[in-house]
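Novice: Sequence below, structure please.
(2 chains)
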Amino acid sequence: MKQRYKMLVAAFFLIVSGLGTAPLSQAEFVLNASCSSQISEAFQRELLEAFMVENGVKVNAHVFSSNVCLDRLRNGFSNLAGSTLKISQADREAGLIEIPVCKDPMAVISNGQCHVKNLSLKQVRQIFSGSITNWKEVGGKDLPIVLIIPSVNTGAYKNFKDMAMGPFEVKDDLIAGKTFTAVTGVKHIPGAVSFITHAIANQYKDITVINVDGVNPLDAAYPFHQTFYIVVKGEPDSMMKQAIKYMLSDKAKERMIARGMVPVF
Amino acid sequence: MTPRHLITLILFLSCLYTSGCATVLTTAYPPIHETRHGESIQGDTIGFSYAVTEEKNDLVLHKQPVCRQNIQLVNIKRKQLHGVIPAVLEMPFFGLGLLDLVVAGVYTRATVDEEKGDTIPGVEVSICGDYQIAPGQAVLIQYPGSVTFKNIQTNDVGKILLKDILPSNAQDRRFTIFVKEPTGLSYVKTYDKTMW
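Specialist: Purely as a prediction, here's the structure:
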């Protein structure tokens, strides 16, 4: 009797499961993208969402430092990377293809309490190498300088070091794991100074963007500019070509210009 | 007939009479309306897909029209299975609930009515024409590792002359080709090698 009962119950579940209509599965186009935190914050998902809406392609975007994004691309965890780092010759030989998209100034930013609006290039180097330790030495408030530096894995660190520091090393008091978190630190810590792409700095009203040698970051003569790249591995497939085409489209360029960036093409 | 047989018969007939809840409820409920994606239909041309081939020491740009795949929507009207719980309760009575569910299930499948609906633009694009050369096409050549680029045009047989984009003694073929379209740039190919 017990055996018969079990068979009845099993048969019931088999029949009921077969009676329901199984939902049709749709093949979904999904793009796995790893994006530098500077690029992600600079565009604030605007381009990404516009691309998804206009093309119907779902994008899984993961935000990391540029180095990690390129690593993920190399190892097949993503099929497209947004990076502020140029790829190496070894990467090129391994089949990575880098497409420059736009340029953005690298801004030196400070906490609002520092009261310094301009620094010479020499002073920038002295501050970030630790030679100058108080804002009063550069005409600001009597406040110790707190260096908040993006991690060495980030494009911001490497680009700033290459463009601004010359032979000097970058010192740090605090390290920001992702570049845009440096802005949060600068915003809240008195005396803090850091560097970040201008499109992000521009979103915050309570930090100071410092001119270098009297030149505003939005001026063409400003000495520090980063390039934002799309990087793919191997010949892009049709979905990636759509993504690249979108990033190089006139619509995307308008959005870049609105944020103070300069399209490369 | 003994009293025992009579009672069994009455019980059996009662079960038979009261079973069929799932079937009755399924037929009584109004049908539900659903929409699913049907077949893909080729839509209008939305642009071109570009490719380059090598001819002697030059490149030839080709293009193929690309169409968006539209999706045919299918409107479905069908009965949905109801009364599963009463059918389960009927199970101990000679397994009648099982029969009830089978009948109800067969009924839901038999009443499916499909009708073609609107077409919507799909995500997929596909090639929808033959290769043709692309004469007079505006092309942008970008050099890897730099943000410098060169604007050129394919000649009347769709060729990109290497002498226009590389120095005469160049051993390396390192450049990326983009086609300039009305809405922006379209990536074509990257060459990154020392010799052909």
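Novice: State which strand of chain B is the longest.
Specialist: strand B:32-55 (DSSP state E).
Novice: Chain B against chain A: which residues are in contact?
Specialist: Chain B comes close to chain A at residues B:36-37, B:49, B:78, B:81, B:84, B:88, B:91-92, B:95, B:97-98, B:101-102, B:104-105, B:108, B:121-125, B:140, B:142, B:144-145, B:147, B:149, B:176, B:178, B:183-187, B:189-190, B:192, as judged by Cβ under 8 Å from any Cβ of the partner chain. Yep, even glycine has a C-beta here, placed from its N, CA and C like the rest.
Novice: Return a ChimeraX selection command for the buried portion of those.
Specialist: In ChimeraX, this line selects whichever of the residues of chain B next to chain A come out buried by 16 or more other Cβ atoms under 10 Å in any protein chain shown:
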select /B:36,49,78,81,84,88,91,95,97,98,101,102,104,105,108,122,123,124,125,140,142,144,149,176,178,184,185,186,187,189,190,192
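Novice: who's in contact with A:Glu93?
Specialist: Residues in contact with A:Glu93 (Cβ atoms under 8 Å, 6 or more residues apart in numbering or on different chains) are B:Asp192.
Novice: what's the pLDDT at it?
Specialist: We have a pLDDT of 87 for A:Glu93.
Novice: ditto for the one 10 residues further on
Specialist: The per-residue pLDDT reported for A:Lys103 equals 92.
Novice: With A:Lys233 instead?
Specialist: At A:Lys233, the pLDDT value in this model is 94.
Novice: Hmm, A:Leu147 is touching A:Gly191, no?
Specialist: No: contact criterion Cβ atoms under 8 Å: A:Leu147 and A:Gly191 do not qualify, at 9.6 Å.
Novice: what lines up beside the longest strand of chain B in the sheet?
Specialist: strand B:58-78 (antiparallel) (DSSP bridges).
Novice: Burial check on the closest residue to B:Gln80 other than its chain neighbours, number of neighbours?
Specialist: Excluding its sequence neighbours, the residue lying closest to B:Gln80 (Cβ to Cβ, 6 or more residues apart in numbering or on different chains) is B:Ile32, at 5.1 Å. Other residues lying near B:Ile32 total 10 when counted by other Cβ atoms under 10 Å in any protein chain shown.
Novice: what's near enough to touch B:Ile32?
Specialist: With Cβ under 8 Å, 6+ apart, B:Ile32 has these contacts: B:Lys77, B:Arg78, B:Lys79, B:Gln80.
Novice: Show me what it bridges to in the sheet.
Specialist: Beta-bridge partners, per DSSP bridges, of B:Ile32: B:Arg78.
Novice: about what we covered before: would you mark the buried spots in the longest strand of chain B?
Specialist: Applying 16+ other Cβ under 10 Å to strand B:32-55 flags B:Glu34, B:Arg36, B:Gly38, B:Gly43, B:Gly47, B:Phe48, B:Ser49, B:Tyr50, B:Val52 as buried.
Novice: Model confidence score at the nearest residue to B:Glu115 once chain neighbours are set aside, please.
Specialist: Here the nearest residue to B:Glu115 in space, its sequence neighbours aside, is B:Asn75; by Cβ to Cβ, 6+ apart that works out to 4.8 Å. pLDDT recorded at B:Asn75 is 91.
Novice: Please look at B:Asn75 and B:Asp118 and confirm they touch.
Specialist: No: B:Asn75 is beyond contact range of B:Asp118, at 9.1 Å (criterion: Cβ under 8 Å).
Novice: Neighbour count: those two, which is higher?
Specialist: Using other Cβ under 10 Å, the more surrounded residue of B:Asn75 and B:Asp118 is B:Asn75, with 15 against 10.
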